[in-house]
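**Student:** next input, structure requested:
(chains A and B)
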Amino acid sequence: MTAIFERVKTALGPEMAGPGLAFVAVVLVFGLASPQFLSAATFGSVAFQLPELGLLTLAMLLPILTGGLNLAITFTANIAGLTVAWVLRENGGVDAGVGIFIVGSLLALMVGAASGVVMGLVIAFTRAHPILVSLSMMIFLRGLGEFLTRGGDISGFPAFMGPIGHGSIAGIPVPLIVFIVCVLGWHVLLGRTKLGFNTYMIGSNLEATRYSGINTRKAIVLVYTLSGVMCAIAGIIMLARFNSVRIGHGESYLLITVLACFLGGVNPFGGFGRVIPVFVALVVLQLLSSGLNLIGANQHLATAVWGILLVGVMILRWVASKIRISIIRKGS
Amino acid sequence: MHQATSATVGEKPLLSLRNINMTFGGVKALKNVSFEVRPGEVHCLAGENGCGKSTLIKVVTGVYRPADGAVIEYDGETYAHMSPVTAQDRGIKVIWQDLALFPEMSVAENIAFHEVVGRRPRLVDYGRMQRIATDALGRLGVSLDVDLPLKEYAIAQRQIVAIARALVGEAKLVFMDEPTASLTQSETDHLLDIVRNLSASGVAVVFVSHRLAEVLEISSRITVLRDGALVGVFPAAGMTQSRITELMTGKTFDQHVRARPKDDQPVVLDVRGLTRPGQFEDISLTVRRGETVGITGLLGAGRTELALALFGMLKPASGRISIEGKEVRFTSNRDAIKAGVAYLSEDRLSLGLIQPQSIADNLVIASLRKILSGGLLSDDRKRGLVSRWIADLGVRIGRQADAISTLSGGNQQRVAIAKWLATDPKILILDCPTVGVDVGARAGIFDIVAKLAESGLAIILISDEVPEVYFNADRVLHMAQGRIVGSYDPRQARLEDIEAAVYA
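**Tutor:** Here you go, the predicted model:
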């Protein structure tokens, strides 16, 4: 029994403790507070809301693991969304075919990648701070987007796009399927590929990684490129869900993605953090806001409670580390 | 040669510790230790890392409170424990190894810091700070521009600033923790002169260093600690380095010249006229299969730069490098690794290993392709590779997933060597492989080096400690100001002669 427990523990890693506990706490508290909480309706609302924030968080995760940050995620996503909208509009608007949508989406992925490549190149070669570089990219993309859309919404897309945002396959919402595929992709990337390995190493010590014969520049460019591609996927899902694009969509998600990473046990200075705990942390955040909704709390209050939860987790983590140290001291 | 400084035998001690016990968790860091310093003496505290030297200093300076029963007599008064404020006020000063200085602030601010901060008047009197600083430096016979920010000065001057700061106010007893660790020989000589002057002016100095030659040169008595217990107090006169090492480690080491002729072996590395202006000039050398070539010289002689050029991380301006007869040009260290060159960095903490990451990841980082299985990294292959190397090099670890920083210096260095051996190198460059490694563990590192050479690896061994290359290399090259200025065969040359040439 303990052996199984140990195996599970090592498989999940120490990062799992925080979000795992938070998950149990949220389910218990709301489960007791509201009988409707543990229902298909809650699952449905979480399942549809999770992917947007989730995909953007995945886009944020990679740069954070290298010790950087990508502040341009939401605007990259919307610029990618705009790309799809533009391709659709130029090719028939509401009457455009599926093929046009696919072409638009591929183009959007390339736009997202381009945003990442530029940031990655600048960060890797000039060693400028990722916050500054991605902030510049963020401002550039916002300005560009506002210029192109005159600050308004672009809408009027073909009807077949609705299911991408709202449909379900075998009872599972399509956006959730996309998100889970991306989570698994990132899980394999970080755990099993050279790039993933290098990402962690760079996050802990870039120079020592370079001295070990790793092409750190290439790795950094790839990390930001993949981050941009993930933004584009988020942008396409957002486009389908809202049935419109606006350059400011999801702007408030930006810092929440950072916090979701930290809640998921990612080291803010890079080098440590896993995808699955971050996924659980995202679920916790969504459950929390759905639960608050159910007991009749204001939507804005939910955001405030997220903040309190994160501070609470930081304090708990500190307490846990103190206890662990005193146990080690007594033990030896 | 071994001049003892002024202390008179039989004089009443300035500091006397008895019954010092210190326990952290379940670990006894100090076991019934006693320690004594006479006024104006230079006393050395010797022992391996983790033997309790730092703990003892922290007891004297009031950072730690020893277990009940401790007696601390200092300058006529008896204490059950010190407090940091009392220690400071009564003239006990410490210069820690990291110096604890403020690089952005001026020399004057650094020196007069304690006199000015937290005292009345609250306003800072820059004139007074300058006077305090100039005074303190004057006592050391040094003149520096006290208005310049400290970062403008090299490490040797910073050391002096730290000493000057300790002398501000009343100083009767000064602890110096590894003060010469980052100094060149001439800078060290200067520092030792300063210590002699301090001692002559009546300040007692407790000197902590693992460079045993200077310990013998400067101190009158040596207190040796091992595993938190006192081994004994010995007069420096009549001591030898090997005797101190034996006392520190409890083991005997017989050092012998390992050099063997390798002239019949094929040349693996051939360097001709390699030049990078300002760093190294016209370097020509060959390393044969199974041969260990030692390169020694002072810090800044261009040793590390040469190594980095051979490792593809610095581009030489002219000259050529050939490996097994084929000329090579590296655009990055990846090319060098592919060509069979491995470089163990002198800076294990920030360049050699990735300290927060695991033992396993540090070991496989340079040879990831070996643990690929179907294009993905395989945990099983990783575990197997790591276990093999851990066993091969006798590394003592807990779990493979533990952070490398949890290992001792000697064990970390073994992992670092394993990391490079896993790349199947033909040429292994070891840049100061024993920095931060205990005396006891050093022999183990060199045993590994000898075994590697035997297995046919061509090795370049860089060290600023001449005896290391003398005893462990087949040939010794002396580098100075970017050039190779001497070549010695340890079987014919005498160690003293090489040392005289290098440290001249």
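
**Student:** show the contacting residues for the spatially most central residue of chain A.
**Tutor:** What sits nearest the mean C-alpha location of chain A, by Cα atoms, centre = their mean, is residue A:57, with 1.3 Å. Counting by Cβ atoms under 8 Å, 6 or more residues apart in numbering or on different chains, residue A:57 touches A:257, A:260, A:261, A:278, A:282. In this view, the C-beta of every residue, glycine as well, is placed from N, C-alpha and C.

**Student:** again, 6 Å this time
**Tutor:** A:257, A:260, A:282 (Cβ atoms under 6 Å, 6 or more residues apart in numbering or on different chains).

**Student:** with neighbour count, pLDDT and distance to chain B as extra columns, can I get those residues in CSV?
**Tutor:** Shown next, in CSV, are the contacts of residue A:57 (neighbours: other Cβ atoms under 10 Å in any protein chain shown; pLDDT from 0 to 100; distance: Cβ to the nearest Cβ, whole Å):
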residue, neighbour count, pLDDT, distance to chain B
A:257, 25, 93, 24
A:260, 27, 90, 23
A:282, 28, 93, 25
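
**Student:** just to revisit the earlier point, buried residues in the helix or strand containing the residue nearest to the centre of chain A, which are they?
**Tutor:** Assigned by DSSP states H and E, residue A:57 belongs to helix A:40-65. Of all the residues in helix A:40-65, those buried under the rule 16 or more other Cβ atoms under 10 Å in any protein chain shown are A:42, A:45-65.

**Student:** which positions in whichever helix or strand comes after that helix come out as buried?
**Tutor:** Next helix or strand after helix A:40-65 toward the C-terminus (DSSP H and E): helix A:73-90. Applying a neighbour-count criterion of 16+ other Cβ under 10 Å, one finds A:73-89 buried in helix A:73-90.

**Student:** swap in stretch A:214-233?
**Tutor:** Applying 16+ other Cβ under 10 Å to stretch A:214-233 flags A:214-217, A:219-233 as buried.

**Student:** ok, stretch B:423-432 next?
**Tutor:** Quick answer for stretch B:423-432 (16+ other Cβ under 10 Å): B:423, B:425, B:426, B:427, B:428, B:429, B:430, B:431, B:432.

**Student:** mind listing what residue B:466 touches?
**Tutor:** B:296, B:498, B:499, B:502.

**Student:** go again using 7 Å as the cut-off
**Tutor:** Applying Cβ atoms under 7 Å, 6 or more residues apart in numbering or on different chains to residue B:466 gives the contacts B:296, B:495, B:498, B:499, B:502.

**Student:** what's the average pLDDT for the host helix or strand of residue B:321?
**Tutor:** Using DSSP H and E, residue B:321 falls within strand B:318-323. Strand B:318-323 shows an average pLDDT of 95 in the prediction.

**Student:** contacts for it?
**Tutor:** B:268-275, B:310, B:327-328, B:339-340, B:426.

**Student:** look up the closest residue to residue A:145, ignoring the ones flanking it.
**Tutor:** For residue A:145, ignoring the flanking residues on the chain, the nearest one in space by Cβ to Cβ, 6 or more residues apart in numbering or on different chains is residue A:247 at 3.1 Å.

**Student:** doesn't residue A:149 make contact with that neighbour?
**Tutor:** Yes. Assessed by Cβ atoms under 7 Å, residue A:247 is found in contact with residue A:149 at 5.9 Å.

**Student:** higher neighbour count, these two?
**Tutor:** residue A:247 (25 against 18; other Cβ atoms under 10 Å in any protein chain shown).

**Student:** return the set of buried residues in the helix or strand harbouring residue A:29.
**Tutor:** Remark: residue A:29 resides in helix A:17-33, with elements defined by DSSP H and E. Within helix A:17-33, the residues that qualify as buried by neighbour count (16+ other Cβ under 10 Å) are A:17, A:18, A:19, A:20, A:22, A:23, A:26, A:27, A:30.

**Student:** what's the answer for stretch B:24-39, then?
**Tutor:** B:28, B:29, B:30, B:33, B:35, B:36, B:37, B:38, B:39.

**Student:** circling back to that earlier point, make JSON lines out of the contacts of residue B:466 and add pLDDT.
**Tutor:** Compiled in JSON lines, the contacts of residue B:466 are given as follows (pLDDT from 0 to 100):
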{"residue": "B:296", "pLDDT": "93"}
{"residue": "B:495", "pLDDT": "88"}
{"residue": "B:498", "pLDDT": "91"}
{"residue": "B:499", "pLDDT": "85"}
{"residue": "B:502", "pLDDT": "84"}
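
**Student:** all strands of chain A, in order?
**Tutor:** A:154-155, A:168-169, A:172-173, A:244-245 (DSSP state E).

**Student:** of these, which stretch is the most buried?
**Tutor:** strand A:244-245 (a mean of 22; mean count of other Cβ atoms under 10 Å in any protein chain shown).

**Student:** ok so, going back, now flag whichever of the buried residues of helix A:17-33 is closest to chain B.
**Tutor:** residue A:17 (15.8 Å; Cβ to the nearest Cβ).

**Student:** let me see the backbone angles for the nearest residue to residue B:288 once chain neighbours are set aside.
**Tutor:** Excluding the flanking residues, the one nearest residue B:288 by Cβ to Cβ, 6+ apart is residue B:265, at 4.1 Å. Taking degrees, to the nearest 10, you get phi -80, psi 150 for the backbone angles of residue B:265.

**Student:** residue B:296: how many residues sit nearby?
**Tutor:** Quick note: residue B:296 (other Cβ under 10 Å) scores 28 neighbours.

**Student:** ditto for residue B:494
**Tutor:** Quick note: residue B:494 (other Cβ under 10 Å) scores 11 neighbours.

**Student:** distance of it from residue B:476?
**Tutor:** Applying Cβ to Cβ, to the nearest Å, one obtains 12 Å for the distance of residue B:494 from residue B:476.

**Student:** who's in contact with residue 175?
**Tutor:** Picked chain A for this. A:48, A:51, A:165, A:237, A:241.

**Student:** switch to chain B, please.
**Tutor:** Taking Cβ under 7 Å, 6+ apart, we find residue B:175 in contact with B:57, B:94, B:95, B:206.

**Student:** again, 10 Å this time
**Tutor:** B:37, B:43, B:45, B:53-54, B:56-58, B:60-61, B:92-96, B:166, B:204-208 (Cβ atoms under 10 Å, 6 or more residues apart in numbering or on different chains).

**Student:** repeat for residue B:490
**Tutor:** B:256-259, B:294, B:469-476, B:498.

**Student:** chain neighbours aside, what residue packs nearest to the residue of the stretch 101-250 of chain B found nearest chain A?
**Tutor:** Taking Cβ to the nearest Cβ as the measure, the stretch 101-250 of chain B has residue B:228 as its residue closest to chain A, at 14.5 Å. With Cβ to Cβ, 6+ apart as the criterion, residue B:228 has its nearest non-adjacent residue at 4.2 Å, and that residue is residue B:52.
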